[in-house]
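# I would like the atomic coordinates for the input below:
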Amino acid sequence: MINSIIQQLEQLMAGDFALLRESVDIECKLAIGQNGKGGLPKSLWETYSAFANTDGGIIILGAKELKNGTFEAHGIENLVQIKADLFNTLNNPAKINKNLLTDQFVREWQLDDKTLLLIAVPRAARKQQPIYLNNNPLNNTYIRQNEGDYKLDDEHVKRMLAEQAHDGRDDEILANFGLDDLAVESLRSYRQRYSNLNPNAELNDLVDIEFLRRIGAYGINRETGIRGLTKAGLLMFGMQHTISEVFPNYMVDYQERPHAQTEARWIDRVVPDGSWSGNLYDFYRKVYNKLVQDLKIPFELKDGVRQEDTPVHISLREALVNCIVHADYTDRASVLIVKRPDMFGFRNPGLMRIPLEYALKGSESDCRNRKLHHMFRLINVGEQAGSGIPKILSGWQSQHWVPPYLHEKRQPNNQTLLELTMVDLFPSDAMQQLTQQFGSSFTELTQNERAALAIAKLESTVTHARLQTVVTGHSVDITRDLQHLVKLGFLNSSGGRGSVYTLAGVDVLQPDEVFSDFSTGISESSTGISESSTGISKPSLGLNGVNSVSNGIYRDEFGRLCTEKLPFPVIDDLAMLTESFRLKLFEIADNARDKKRLSPESAENIIMELCYGQFLTIGMLAQIMDRKIDTLRKRYLSPMVKANKLCLAFPTTPTHEKQAYRTNTELNHTEN
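As a prediction, the model looks like this:
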């Protein structure tokens, strides 16, 4: 991790400052101090804590943010004193609990006649987290989300402290839990599978209690004399009701969904419903068979025996076991496995214990439930030494599909998600068109840069967040790739913070092109607008319930604005909607209108339902949900766009007063 953060630092210094944008892992601060000669801003320490507790990042001191989101080098004069103050504070335990920095993490950056100070903050190791301020982790621990630093609530801080203290979370011996708490058939099935794989092993001759002790499912504390099932043994072979006595939040869930959409409708489901044990071993057996039952198995012989284990089978098996053994069964989220025609999704409660780049490379392993992992390995399921994720990546790469997307979420609960999409990375015709457009210079680009251009070609725009879903590499590397494409003239950049990139020479739709055409092309008389008794205008519809208008713009049977320039209708005026359709929207938002304080999850669900299959302008969303526009944008809409839950009708003008939002049904959301 240290080498990685230093490499990112050097890449940033070699880049173009004019193209720099603040992002999830870059933070610029003016740092002029009280006398204008330079001083450490108070907010520096919150950012240090946030970067260290998330994925690391770079703090640039001596830069001023302009209104368009770019940065201007202001410079720092008293660098010697600032460096001294920096390390004095970092080594003061009353201010910062741990110093992660050495001199190699702090660099001077000369820009013309100005000097900036760059501070590279690495991600803290699990045993170092949380990094907190003021000698108290509660109410003084921060994490990084989007481009901001956010205070972590006490529950999540305590969870960090628990993760720090325990290498394994499943080895605790549970007094008074024994064989009577196990599902006998689960244990019998496991022992039979182990025996089939290891027919001459001495474990086959042991009685159940001794077999369980040898595999880590049963333990004896020699100092206290306490004996009983381990947490791993209870999770692996227990009955659901006894598992819930120890893990109240325990829930495992498999859903087969019929469509390539974010909706949570299912046609097949496996949950602990009393018809089976509900333990992890039986969940694995049931779910793996369902995951692979529709896979096409190529005919291949090896030593005269047909091989039925394809790279895709191996990937799914590893993904399922990885999800189970890395789960934090004390957290609130459930283990959720989703099968759709276009993808497989795996969600486990708990954040990753190692940095994402380490997991992708397979260079390090830090399993949360080590005894569970050991039990699965005994029956030849689950890799060790951190090789599981690379094996998943390799299996998907063999099919030339979109690379697996591994990421973390902290809201509403800590969770790790892996999405395996069965879609070709990019259509060949799109790549051919780009080659024709840019010539040999396109083929000379890196794979990630070509991917960025392909997304821009297929989806009109590309963002940092969108590119992260299809390429590997650190966030700073992706930022550098996008900036390089702008510098070379392949992409245009707009939008300031959270920049949106478009292909050079391509006109991108602007709000005025839609709404100006509408206002000039449709007269009030042509729409037949009239005032109702309630004071709300209603549209007068023509033949087939559709307004006939000019310029290719019209109102559909519900009163929504339709134009060939947008792929979905737009709700831009509630007065133009039919009464029944308008009431339906208000019914969806009843909870928001009744409660001024609403949980983020509830508010997001309402927004996604309102915006499903249609664009809603921010003004209409605010009216329907009875919220202020600024509050709605900052608290919900902007974060949801960055999380790829919502699409913008006009991506290059994200804060336009007529901006409209639609639920992103193209992306994979396992967390539903």
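
# Only C-alpha atoms from now on, for both contacts and neighbour counts.
OK.

# domain assignment for this structure?
Listed by automatic domain parsing, the domain ranges of the chain are 2-152, 166-296+307-425, 428-503, 511-663.

# For the stretch 401-550 of the chain, which segments count as helices?
428-438, 440-443, 447-459, 464-468, 475-488, 511-521, 524-527 (DSSP state H, counting those that start in this stretch).

# circling back to that earlier point, nearest to Lys158, out of the domains of the chain?
Between Lys158 and the domains of the chain, the shortest separation by CA to CA is 8.2 Å, and it involves domain 2-152.

# Kindly provide the whole-number mean pLDDT of the closest one.
Averaging pLDDT along domain 2-152 yields 85.

# That one: how far from the chain's middle?
24 Å (CA atoms, centre = their mean, to the nearest Å).

# follow-up on the earlier one: please tabulate the domains of the chain in JSON lines, including the columns distance to Arg159 and mean neighbour count.
Converted to JSON lines, the domains of the chain look like this (distance: least, CA to CA, whole Å; neighbours: other CA atoms under 10 Å):
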{"stretch": "domain 2-152", "distance to Arg159": "10", "mean neighbour count": "19"}
{"stretch": "domain 166-296+307-425", "distance to Arg159": "9", "mean neighbour count": "18"}
{"stretch": "domain 428-503", "distance to Arg159": "26", "mean neighbour count": "18"}
{"stretch": "domain 511-663", "distance to Arg159": "21", "mean neighbour count": "17"}
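
# picking up where we left off before, wait, which of the helices of the stretch 401-550 of the chain is closest to Leu117?
Minimum separation from Leu117 across the helices of the stretch 401-550 of the chain (CA to CA) falls at helix 475-488, 17.6 Å.

# What angle do helix 447-459 and the closest one make with each other?
70 degrees (axes from the mean of the first three to the mean of the last three CA atoms, to 10 degrees).

# Quick one: list the elements packing against helix 475-488.
helix 2-13, helix 447-459, helix 464-468, strand 491-494 (3 or more CA pairs under 8 Å, 6 or more residues apart in numbering; DSSP states H and E).

# Can you tell me, leaving aside adjacent residues, what's nearest to Pro311?
Gly395 (4.5 Å; CA to CA, 6 or more residues apart in numbering).

# What backbone torsions are found at that neighbour?
phi -60, psi -40 (degrees, to the nearest 10).

# so what's it up against?
Going by CA atoms under 8 Å, 6 or more residues apart in numbering, Gly395 touches 311-312, 314-315.

# could you dump those to CSV with distance to Thr631?
Output for these, formatted as CSV (distance: CA to CA, whole Å):
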residue, distance to Thr631
Pro311, 48
Val312, 45
Ile314, 46
Ser315, 43
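
# Just the residues you listed: which are in helices?
311-312, 314-315 (DSSP state H).

# got JSON lines for those residues, with pLDDT and distance to Gly216 too?
Converted to JSON lines, the ones in helices among the contacts of Gly395 look like this (pLDDT from 0 to 100; distance: CA to CA, whole Å):
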{"residue": "Pro311", "pLDDT": "87", "distance to Gly216": "30"}
{"residue": "Val312", "pLDDT": "90", "distance to Gly216": "30"}
{"residue": "Ile314", "pLDDT": "90", "distance to Gly216": "25"}
{"residue": "Ser315", "pLDDT": "92", "distance to Gly216": "26"}
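
# Leu235 reaches Ser277, doesn't it?
No - the pair Leu235 / Ser277 is not scored as a contact, 10.6 Å apart, by CA atoms under 8 Å.

# so what sits against both of those two?
If you check Leu235 and Ser277 against CA under 8 Å, 6+ apart, no residue is contacted by both.

# leaving aside the residues next to it on the chain, what's closest to Ile354?
In space, and not counting its chain neighbours, Ile354 is closest to Asp366: 6.8 Å by CA to CA, 6+ apart.

# Roughly how far does that neighbour sit from Cys647?
Distance from Asp366 to Cys647, counting by CA to CA, to the nearest Å: 36 Å.

# so Lys339 bridges to which residues?
When bridges are called by DSSP bridges, Lys339 pairs up with Glu256, Phe344.

# Which secondary structure state is assigned to the residue nearest to Ile354?
Classification of Asp366 using DSSP: H, G, I helix; E, B strand; the rest coil returns coil.

# could you say what helices and strands the helix or strand containing Ser638 packs with?
Element membership for Ser638 (DSSP states H and E) is helix 638-642. If you count contacts as 3+ CA pairs under 8 Å, 6+ apart, helix 638-642 packs onto strand 646-648.

# Show residues contacting the strand it packs on.
Under CA under 8 Å, 6+ apart, the answer for strand 646-648 is 608, 637, 640-641, 654, 659-664.

# out of those, who's nearest Pro403?
When the contacts of strand 646-648 are ranked by distance to Pro403 (CA to CA), Asn664 comes first, at 19.4 Å.

# Spatially nearest residue to the closest one, not counting backbone neighbours?
Per CA to CA, 6+ apart, closest to Asn664 is Leu646, 4.9 Å.

# Would you quantify the distance from the one you found to Arg466?
Here Leu646 is placed at a distance of 12 Å from Arg466 (CA to CA).

# isn't there a helix covering Met608?
Yes - the assignment for Met608 is a helix, going by three-state DSSP.

# From Ala183, how far out is it?
Relative to Ala183, Met608 is positioned 41 Å away (CA to CA).

# before we move on, what about Ile588?
From Ile588 across to Ala183, the span is 44 Å (CA to CA).

# Would you work out how far apart the start and end of stretch 558-573 are?
Stretch 558-573 has an end-to-end distance of 11 Å (CA to CA).

# Check the offset of it from the chain's centre.
With CA atoms, centre = their mean as the basis, stretch 558-573 stands 30 Å off its chain's centre.

# Contacts for it, please.
Under CA under 8 Å, 6+ apart, the answer for stretch 558-573 is 509, 514, 539, 546, 552-556, 576-578, 581, 613-617, 619-620, 649, 660.

# With pLDDT and distance to Lys231 as new columns, can the contacts of strand 646-648 be given to me in CSV?
What follows is the contacts of strand 646-648, written out as CSV (pLDDT from 0 to 100; distance: CA to CA, whole Å):
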residue, pLDDT, distance to Lys231
Met608, 92, 38
Leu637, 92, 41
Met640, 88, 37
Val641, 83, 40
Pro654, 80, 49
Gln659, 92, 51
Ala660, 94, 49
Tyr661, 95, 46
Arg662, 94, 44
Thr663, 91, 41
Asn664, 80, 40
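
# Throw those residues into JSON lines and include distance to Thr446, thanks.
Formatted as JSON lines, those follow (distance: CA to CA, whole Å):
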{"residue": "Met608", "distance to Thr446": "36"}
{"residue": "Leu637", "distance to Thr446": "33"}
{"residue": "Met640", "distance to Thr446": "30"}
{"residue": "Val641", "distance to Thr446": "27"}
{"residue": "Pro654", "distance to Thr446": "29"}
{"residue": "Gln659", "distance to Thr446": "34"}
{"residue": "Ala660", "distance to Thr446": "34"}
{"residue": "Tyr661", "distance to Thr446": "33"}
{"residue": "Arg662", "distance to Thr446": "32"}
{"residue": "Thr663", "distance to Thr446": "32"}
{"residue": "Asn664", "distance to Thr446": "28"}
